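K.L.:
Provided below are the primary sequence and the corresponding predicted coordinates.
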Amino acid sequence: MRYRFNFDIKNQLEYDGLKQNNTQGSKHMANCNINIEQYPGNEITDICSNDYHNSTLNHCAHFVSHIPGFRFGYKCYHQTGKGEISNSANIRVQEVFSKCPEVGKWTDKPSSLLFCMAFVTAAKNVDLKKKKMRNMDRKHVGVFHKGMIYHYSNSRDKVVKQSPTAFSRHYSGTSITVYYGTMPR
């Protein structure tokens, strides 16, 4: 199978450069050089070269980890044993959350933070002081960029782009809360 995107090396270099060249004096990365607009409509088979494609599995952390190349924690290669470990990406939402240097409720997100992670789950599943998210079924993650959240819709089996308001309705319930996290390093 041929994969449409060469983001693992190119995007990681751009992401690394962005971290090193944040000249705006902010502790937050204000923007992203990754062409995230190329992803909506694509299936995980277009993104992952490690054959972690089962449509019955959750791919939200998998997708957002392939974009900048998050290589920490449990990765798609570990699940399949196929492909290259150097091209593998994290597949666990709670691990991505704990690697974010700063986390908080979406309503407290600094307005200068235009590029970050977006998480949605029940409030009882998150301990902000410890930067921990429990491992449970009802959690989801996307990438916030230029006012929109890009995430892998498991029910549609493709990448989608939504407003933060639409993303906040990913799960129903009165305790469902959206959180932000600065990009893991």
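P.N.:
Happy to help now that I have it.
K.L.:
When you work out contacts or count neighbours from here on, use the C-alpha atoms and nothing else.
P.N.:
Fine.
K.L.:
Spell out the residue ranges of the helices in this protein.
P.N.:
7-20, 60-66, 76-80, 93-99, 164-168 (DSSP state H).
K.L.:
State the mean pLDDT of the longest one.
P.N.:
I take that to be helix 7-20. Helix 7-20 carries an average pLDDT of 40.
K.L.:
repeat for stretch 132-144
P.N.:
What stretch 132-144 shows for mean pLDDT is 95.
K.L.:
which residues touch it?
P.N.:
Residues from elsewhere that reach stretch 132-144 (Cα atoms under 8 Å, 6 or more residues apart in numbering): 60-61, 64, 93-94, 97-98, 114-122, 125-127, 149-152, 171.
K.L.:
In it, which of the residues would be classed as buried?
P.N.:
Buried residues in stretch 132-144, counted by 16 or more other Cα atoms under 10 Å: 132-133, 139-144.
K.L.:
Stretch 37-50 now?
P.N.:
39, 41, 43-50.
K.L.:
Would you quantify the distance from residue 34 to residue 143?
P.N.:
Between residue 34 and residue 143 the computed distance is 11 Å (Cα to Cα, to the nearest Å).
K.L.:
Residue 43: what's its closest spatial neighbour, skipping adjacent residues?
P.N.:
For residue 43, ignoring the flanking residues on the chain, the nearest one in space by Cα to Cα, 6 or more residues apart in numbering is residue 158 at 4.4 Å.
K.L.:
Nearest to the spatial middle of this structure, which residue is it?
P.N.:
Taking Cα atoms, centre = their mean, the centroid of the chain lies closest to residue 64, which sits 3.1 Å from it.
K.L.:
Go ahead and confirm it touches residue 153.
P.N.:
No: Residue 64 lies out of contact with residue 153 (Cα atoms under 8 Å); the separation is 11.6 Å.
K.L.:
picking that back up, can I get the buried residues of stretch 37-50 in JSON lines including pLDDT and distance to residue 175?
P.N.:
Shown next, in JSON lines, are those (pLDDT from 0 to 100; distance: Cα to Cα, whole Å):
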{"residue": "39", "pLDDT": "95", "distance to residue 175": "30"}
{"residue": "41", "pLDDT": "96", "distance to residue 175": "30"}
{"residue": "43", "pLDDT": "96", "distance to residue 175": "30"}
{"residue": "44", "pLDDT": "96", "distance to residue 175": "30"}
{"residue": "45", "pLDDT": "95", "distance to residue 175": "34"}
{"residue": "46", "pLDDT": "95", "distance to residue 175": "35"}
{"residue": "47", "pLDDT": "94", "distance to residue 175": "33"}
{"residue": "48", "pLDDT": "95", "distance to residue 175": "33"}
{"residue": "49", "pLDDT": "94", "distance to residue 175": "37"}
{"residue": "50", "pLDDT": "95", "distance to residue 175": "36"}
